[in-house]
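> sequence plus the predicted model coming up.
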Amino acid sequence: MGVGASRGRKLKGRAEHLILGLLVLAWWGANQRTRDFFPLLWVLLAFWVVVLLGLMRGGLGNSRFGLLLQGVLVLVPAFFSLLLIRGMDAGAGLVFALLLVVWGADAGAYFTGRAVGHHKLAPQLSPGKTWEGFLGGLLLAAVAVVLASMWSPIPVQVLVPLAVVTAAFSVVGDLAESRLKRGAAVKDSGHLIPGHGGVLDRIDSLSAAAPVFALGLEWIHRIW
């Protein structure tokens, strides 16, 4: 085993322990009902805005440490945001609404892209994605959240704009995960789920959508 490979495995092991520790910390923090995490949610949104700008400029850095750091910043905020959403009033219904938005955006983008997609969205990162598919995903996400509003105390006219913004950021999560895999020179993010490319491939859209949705819900609760 080369020195570089040995260092890479040590760094990976440390990153895994760091992620585990941060997940436990996120679980503890989200259960502290007296804490105000609204500013932190803005920080999480800012992270995804930086990711979006990085993708638009063509990259987010290829160093091994940088890629691992991005992995940490993708996973932990998503978990933390899901915990915050679940702790809100009617939290289970809101989590379900978020999942419907993400699934709707993915399904709408896939079927619309296959049917009428011609203009590539990000050919270097994900050749199959098109602008037509992107718009189709936003539309189906809006339809999905109308259905989810039956389980939510928030009026549908408020949920729909939030769903559209959330769906747009879910695409950023998908592209960011594709960028991470290309930077690491791997096709799949793991082998824990055979035939599905790894756990990260299943939650990439949700990783960016969850913080945006959580921030939007918290903002709505403050002004409603």
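On my side now, so go ahead.
> so where do the helices sit in this structure?
For the chain, the helices defined by DSSP state H cover 3-30, 38-57, 64-86, 91-116, 131-148, 156-183, 199-223.
> do you know how far residue 176 is from residue 39?
Using Cβ to Cβ, to the nearest Å, residue 176 is found at 23 Å from residue 39. C-beta coordinates here come from the backbone N, C-alpha and C atoms, glycine included.
> quick one: which of these two has more around it?
residue 176 (24 against 7; other Cβ atoms under 10 Å).
> nearest spatial neighbour of that one, skipping sequence neighbours?
Counting by Cβ to Cβ, 6 or more residues apart in numbering, residue 176 lies nearest to residue 51, which is 5.1 Å off, once chain neighbours are set aside.
> tell me how many other residues surround the one you found.
The burial count for residue 51: 21, using other Cβ under 10 Å.
> that one and residue 172 touch, don't they?
Yes. Judged on Cβ atoms under 8 Å, residue 51 makes contact with residue 172 at a distance of 6.1 Å.
> find residues that contact each of these two.
Common neighbours of residue 51 and residue 172, using Cβ atoms under 8 Å, 6 or more residues apart in numbering, are residue 208.
> nearest to residue 124, out of the helices of the chain?
helix 156-183 (8.3 Å; Cβ to Cβ).
> what about that closest one, average pLDDT?
Mean per-residue pLDDT for helix 156-183: 85.
> what does stretch 134-150 give?
92.
> please begin residue numbering at 26 from this point
With 26 as the first residue, the last one maps to stretch 159-175.
> now do the buried residues in it.
Neighbour counts over stretch 159-175 (16 or more other Cβ atoms under 10 Å) mark 159-170, 173-174 as buried.
> try stretch 184-193
Buried residues in stretch 184-193, defined by neighbour count with 16+ other Cβ under 10 Å: 184, 185, 187, 188, 189, 190, 191, 192, 193.
> let me see the contact set for the residue nearest to residue 196 when sequence neighbours are not counted.
For residue 196, ignoring the flanking residues on the chain, the nearest one in space by Cβ to Cβ, 6+ apart is residue 159 at 6.2 Å. Applying Cβ under 8 Å, 6+ apart to residue 159 gives the contacts 134, 146, 193, 196.
> neighbour-wise, which of the residues you listed leads?
residue 134 (30 neighbours).
> surely that one touches residue 196?
Yes. Proximity of residue 134 to residue 196 meets the contact threshold set by Cβ under 8 Å, at 7.3 Å.
> joint contacts of the two?
Common neighbours of residue 134 and residue 196 (Cβ under 8 Å, 6+ apart) are 154, 159, 162.
> quick one: the nearest residue to residue 151 once chain neighbours are set aside from residue 159, how far?
When the adjacent residues along the chain are set aside, residue 151 lies closest to residue 203, with 5.0 Å between them (Cβ to Cβ, 6+ apart). From residue 203 over to residue 159 the distance is 14 Å, taken as Cβ to Cβ.
> and the gap between residue 167 and residue 99?
Counting by Cβ to Cβ, the gap from residue 167 to residue 99 is 25 Å.
> can you tell me which strand in this structure is longest?
Identified as the longest strand of the chain according to DSSP state E is strand 151-155.
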